[in-house]
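Participant: the following comprises the amino acid sequence and a computationally predicted model.
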Amino acid sequence: MEYNMFVHFGPNTFSGAEWGEGTESEDMFCPTELDCRQWARIAAEAGMKGIIITAKHHDGFCLWPSATSTHTVAQSSWRDGQGDVLKELSDACREYGLKFGVYLSPWDRNHPAYGTPAYNQIYMQALREIHGGAYGPVFEQWFDGACGEGPSGKLQEYDWPSYWETVRELSPQAIMFSNIGPGCRWGGNENGHAGQTNWSRLNTLGFTPGTNSPSTDTLRMGNVHGTEWIPAEMDVSIRPGWFWRESENDAVKSLEELQDIWLSSVGRNALLLLNVPPDKRGLIHPADSARLMEFRAWRDHVFGNNLALDAKGPSAILDGNYDTYWVASSATPTIELSLPQERKFNLIMLQEYIPLGQRVSAFRVEALQNGEWEIIAEGTTIGYKRIIPTQDCTAQRIRISISASYERPVLSELGLFWASK
């Protein structure tokens, strides 16, 4: 999927807090012009494939009329207690061809049962409400391990195996996110930068979501011989905070920052989950949407023109079709490309055919310049997609050498691109 939208929305939108206390009045949630179709239209036009919304953040407020809580939209005056943000958003996602996903914080600062064994059953009932069919297919269930209770706070022993089993039962195709998956993993930071080395496998034995997880370095890099396939997802906000604040309308990330994030997430074998928080009206602010469209235009301009498509070389990696692939005859092959004429480029893209696994652990790229082969890029892992920036290079012949791989490499695509400064 490569690129999805995160939506942080709830009482914090109106209070300005990042972590609500859970004591906020239900009437605090009062969007005046909520339009989830606007969110979905913007996400689709931005090139995103799905939207994940904070159905319940740490304050415990539910954006749907949940029977598990008295701190929900049903107790608010918004739409006379008849509103349901999840319903409106799931309908909008279907209309615009997007997948619909849900974030449900296990930490709940409002629910009186939090900190007791009964809470696990209550939390699973909330999962059943979301995955029970009322909102259609849920493509990703986001489990946040955050908890700021502190040493004197309520201690909740989360029943993660039962949570996962509940989702599997009702949404067997749903990807489950946490520090350790089981579907995809947190990439170890919230700035959108995956590891230069990034394996899609992870060792999970002895770890749980939340504080008892692998180190952030491990989460960024994965484990080369990890027992489970749990690729990285990089979550980052387009603003300094996760929830909208008027004071941050002039602090939306620049195009250059988003370009760097793209190359460091999608370009390093990870998915980019970009948070775009709606404002108090319930609309995405013009500053955010304008930047998203600018970002989309840059990607289309750069990656819509693969300068290698008419090169001489293995045809399966030069046809623009991910599902065709080239299988090397050894673990350390060299591929040489010959372009019709010299071309200027500064980005190189390589893709492994992931249905057959992630194999490459070291590679280099050379260009024939002034009669000499010069190394212009080196790297470790490739994975689903690796985009390597180089110095500005003008060449007609390119050589890719795989110097280490755990099996014979299987490559699906190769690209050369020019990104103007």
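Facilitator: The structure has been received and is ready for your questions.

Participant: CA only for contacts and neighbour counts going forward, please
Facilitator: Will do.

Participant: now do stretch 10-29: distance to the chain's middle.
Facilitator: Relative to the centre of its chain, stretch 10-29 is centred 25 Å away, using C-alpha atoms, centre = their mean, to the nearest Å.

Participant: likewise stretch 335-342?
Facilitator: Relative to the mean C-alpha coordinate of its chain, stretch 335-342 is positioned 34 Å out (C-alpha atoms, centre = their mean).

Participant: which residues of the stretch 201-350 of the chain fall in strands?
Facilitator: All strands of the stretch 201-350 of the chain, identified by DSSP state E, counting those that start in this stretch, fall at 201-202, 228-229, 232-237, 270-275, 326-327, 334-352.

Participant: quick check: buried residues in the longest one?
Facilitator: Across strand 334-352, burial judged by 16 or more other C-alpha atoms under 10 Å covers 336-339, 343, 345-352.

Participant: quick revisit: ok, which of the strands of the stretch 201-350 of the chain comes nearest Cys30?
Facilitator: strand 270-275 (20.9 Å; C-alpha to C-alpha).

Participant: switch the strands of the stretch 201-350 of the chain over to JSON lines; also include mean pLDDT.
Facilitator: Output for the strands of the stretch 201-350 of the chain, formatted as JSON lines (pLDDT from 0 to 100):
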{"stretch": "strand 201-202", "mean pLDDT": "98"}
{"stretch": "strand 228-229", "mean pLDDT": "98"}
{"stretch": "strand 232-237", "mean pLDDT": "98"}
{"stretch": "strand 270-275", "mean pLDDT": "98"}
{"stretch": "strand 326-327", "mean pLDDT": "97"}
{"stretch": "strand 334-352", "mean pLDDT": "97"}
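
Participant: hang on, the earlier thing: of the buried residues of strand 334-352, which pair is most distant in space?
Facilitator: Across the buried residues of strand 334-352, no pair lies farther apart than Arg343 and Glu352, at 24.4 Å, counting by C-alpha to C-alpha.

Participant: and for the longest helix belonging to the chain, what's in contact with it?
Facilitator: In the chain, taking DSSP state H as the definition, the longest helix is helix 286-303. For helix 286-303, the external contacting residues (C-alpha atoms under 8 Å, 6 or more residues apart in numbering) are 42, 45-47, 238, 249-250, 252-255, 258-259, 276, 417-419.

Participant: and it, C-alpha only, in CSV?
Facilitator: Output for helix 286-303, consisting of C-alpha atoms alone and laid out as CSV, is shown next (Å, rounded to 0.1, in the frame of the first residue of the first chain):
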residue,chain,number,x,y,z
PRO,A,286,-6.4,24.1,3.9
ALA,A,287,-2.7,24.3,4.9
ASP,A,288,-2.6,20.5,5.3
SER,A,289,-4.5,19.7,2.2
ALA,A,290,-2.5,22.1,0.0
ARG,A,291,0.8,20.6,1.2
LEU,A,292,-0.5,17.1,0.5
MET,A,293,-1.4,18.0,-3.0
GLU,A,294,2.0,19.6,-3.5
PHE,A,295,3.6,16.4,-2.2
ARG,A,296,1.6,14.3,-4.6
ALA,A,297,2.6,16.5,-7.5
TRP,A,298,6.3,16.0,-6.6
ARG,A,299,6.0,12.2,-6.4
ASP,A,300,4.1,12.1,-9.7
HIS,A,301,6.6,14.3,-11.4
VAL,A,302,9.7,12.4,-10.1
PHE,A,303,8.5,8.8,-10.0
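
Participant: what about it, average pLDDT?
Facilitator: When the per-residue pLDDT values of helix 286-303 are averaged, the result is 98.

Participant: pretty sure Val224 contacts Trp199?
Facilitator: Yes - assessed by C-alpha atoms under 8 Å, Val224 is found in contact with Trp199 at 5.7 Å.

Participant: who's more crowded, the two?
Facilitator: In this view Val224 and Trp199 are compared by other C-alpha atoms under 10 Å, and Trp199 has more residues nearby, 31 against 18.

Participant: helix, strand or coil: sort out the more buried one for me.
Facilitator: Counting by DSSP: H, G, I helix; E, B strand; the rest coil, the backbone at Trp199 sits in coil.

Participant: for it, what are phi and psi?
Facilitator: Reported as degrees, to the nearest 10, the phi and psi values for Trp199 are phi -90, psi 140.

Participant: from Asp217, how far off is it?
Facilitator: With the distance defined as C-alpha to C-alpha, to the nearest Å, Trp199 ends up 12 Å from Asp217.

Participant: just Glu257 next, same as before
Facilitator: Taking C-alpha to C-alpha, one finds Glu257 at 22 Å from Asp217.

Participant: and what of Gln82?
Facilitator: Taking C-alpha to C-alpha, one finds Gln82 at 45 Å from Asp217.

Participant: now the residue nearest to Ser69 when sequence neighbours are not counted: which helix or strand?
Facilitator: Nearest residue to Ser69, sequence neighbours excluded (C-alpha to C-alpha, 6 or more residues apart in numbering): His111, at 6.9 Å. With elements taken from DSSP states H and E, nothing contains His111; it lies in neither a helix nor a strand.

Participant: just the pLDDT for His111.
Facilitator: Predicted confidence (pLDDT) for His111: 97.

Participant: got phi/psi on it?
Facilitator: His111 adopts backbone torsions of phi -70, psi 130, taken as degrees, to the nearest 10.

Participant: ok, Asp300 - how many residues close by?
Facilitator: Asp300 has 12 neighbouring residues, counting by other C-alpha under 10 Å.

Participant: what's in contact with stretch 167-180?
Facilitator: Looking at what lies outside stretch 167-180 - C-alpha under 8 Å, 6+ apart - the contacts are 127-128, 131-132, 137-145, 164, 182-188, 202, 204, 207-210, 213-214, 219, 230.

Participant: Trp199 contacts Gly383, correct?
Facilitator: Yes - applying C-alpha under 8 Å as the test, Trp199 and Gly383 come out as touching, 7.2 Å apart.

Participant: need the overlap of contacts for the two.
Facilitator: Taking C-alpha under 8 Å, 6+ apart as the criterion, Trp199 and Gly383 both touch Asn269, Gln358.
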